[in-house]
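In: The following comprises the amino acid sequence and a computationally predicted model.
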Amino acid sequence: MSLFPLYMFPLLFTMLLIGVPVAFAMLATATIFGYMVFDQALIHQFIEKISDVASNYVLAAVTLFVFMGCMLERAGIAKRLFEAMHLWTRRVPGGLALGTILMCIVFAASTGVIGATEVVVGLLAVPAMMKYKYDNGLMAGTICAGGSLGTMIPPSVVVVIMGPLADVSVGDLLVGMIFPGLILGGMYIAYILARCIIQPSAGPMIRAGEEPEVSLGEKLRITAIALVPPLLMVFAVLGSIMLGLASPTEAAALGAGGSVLLTILYGQFSLGVVYQALLKTLRITAMIMTILLAGSMLTGIFIGSGGVMLTQELVDASNLGPWGLLAVVLLLAFIAGSFLDWISVVLIMIPMFTPIMVGLGFNPVWFCILFLIVIQTSYLTPPMAPAIFYLRGITPPSVTTVQMYKGVLPFIALQVVTLGLVMYFPNLVLWLPEQLLGF
């Protein structure tokens, strides 16, 4: 068998390591190898891929979810959520950290954009935690782990990209990730609470008199203003999908409209705000779509040159068995996720391995959720750890990188536990889509 298709990856990774932007590295690799295989017919291959991406209406949800996140960021929703959560958790050990995780869950469900949550939350939580002398490691781990929940809490932009590549319903993925995402968030909360009870100095409880007292009625009022509107929007987006009333693209449009209404409700609406949100949406969407198009071309050349058949032959020759191969694929995803951004990992690996996993008898929705958990884990794992580099840019020098590394380790362990639970109990992913969507 010819190993020709596999030679694409050393060239691709070499270009990435020397600093070539991901989209251009993928496009250059696809062009070089595509010309060697298809000669001048390559142009027709590329035109077909451009048409496929341009005509895939599901991808319109990417732009709409990004716009939704940008508008909510402009509405100041994160600050309101942080203040509301802090009112209820400040008398609990590790209350600021617990409030941060709760806010991350709601904010991730409101935006769907990975990376944005961590920076916005970090700017709010770091000064508050440092003021009350929280352990630097716990502070860093909480913000990094909470910010990464955008991968596993629907709606997630990565799922909108992953669905068409895996030939899986985006709705099934969005519904299937609900239980694993909530389990992960719940484990974070349980760990923080247990650690701060055992080691009070890690997350000091705010004592009476350290902050002004707020009456129950005022707490409820502040919480209702901060929490109810975004939750209603989240329920409208996810509920319309779960009840079969709207496709993911239609639900994303509903969320985009809801984000504008929330901006008006909070008194932050102006033409300038809309313009800035549209400009940021354009930049992010253009970046995602360019990488997606380049990745689609690369995948097309890999498949057209016999890459899938070659991969299948290598799988058959490996004698690893279905579970052994699954472990190898997830390990490769973890390694790749430590060096590449999530969209590159998804574009390279999902079209290649999903058909093989399905051929081995694994459910594609379940496999995609496992893949997401692994990507999120690699996002936190040293030494590369993109989450830590995000946080490094918004924390003072007194918080060292070593403290950040140590702080994320317990959260990585919880991710591994969640991965094991989902592997052992597939119904954590499959039951809800079966009940609601009948897939």
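Out: Here it is on my side, so go on. Residues are numbered from 1 along each chain as shown.
In: Closest to the centroid, which residue in this protein?
Out: residue 151 (2.0 Å; C-alpha atoms, centre = their mean).
In: Scan the helices and strands of the chain for the one with the lowest mean pLDDT.
Out: The weakest-scoring helix or strand in the chain, judged by mean pLDDT, DSSP states H and E, is helix 307-318 (a mean of 75).
In: Same question for that one: list its buried residues.
Out: Of the residues in helix 307-318, 307-308, 310-311, 315 count as buried by neighbour count, 16 or more other C-beta atoms under 10 Å. For every residue, glycine as well, the C-beta is placed using N, CA and C.
In: cool, stretch 50-62 as well?
Out: Neighbour count says stretch 50-62 has 53, 58-62 buried, by 16+ other C-beta under 10 Å.
In: Tell me who's in contact with the residue nearest to the centre of the chain.
Out: Taking C-beta atoms under 8 Å, 6 or more residues apart in numbering, we find residue 151 in contact with 114, 158, 342, 372, 375-376, 379.
In: Quick check: buried residues in stretch 33-40?
Out: Buried, per 16+ other C-beta under 10 Å, within stretch 33-40: 33-34, 37-38.
In: Does the residue nearest to residue 25 when sequence neighbours are not counted lie in a helix or a strand, and which?
Out: Distance criterion C-beta to C-beta, 6 or more residues apart in numbering; nearest residue to residue 25, sequence neighbours excluded, is residue 15 at 3.9 Å. Following DSSP states H and E, one finds residue 15 within helix 8-17.
In: So what's the gap between stretch 225-242 and the chain middle?
Out: Offset of stretch 225-242 from its chain centre (C-alpha atoms, centre = their mean, to the nearest Å): 19 Å.
In: and for it, what are the contacting residues?
Out: Residues contacting stretch 225-242 (C-beta under 8 Å, 6+ apart): 72, 77, 80-81, 83-84, 106, 109-110, 154-155, 171, 174-175, 178, 245-248, 250-252, 254-255, 258-259, 262, 265-266, 432, 436-437.
In: What subset of those is buried?
Out: Those of those that meet the buried threshold are 72, 77, 80-81, 83-84, 106, 109-110, 154-155, 171, 174-175, 178, 246-248, 250-252, 254-255, 258-259, 262, 266, 432, 436-437, by 16+ other C-beta under 10 Å.
In: now, which of those lie within helices?
Out: Using DSSP state H to define helices, the subset of those located there is 72, 77, 80-81, 83-84, 106, 109-110, 171, 174-175, 178, 248, 250-252, 254-255, 258-259, 262, 432, 436.
In: my guess is residue 153 contacts residue 110, does it?
Out: No. Taking contacts as C-beta atoms under 8 Å, residue 153 lies outside contact range of residue 110: 9.4 Å.
In: I'd like the distance between residue 429 and residue 401.
Out: For residue 429, the distance to residue 401 equals 35 Å [C-beta to C-beta, to the nearest Å].
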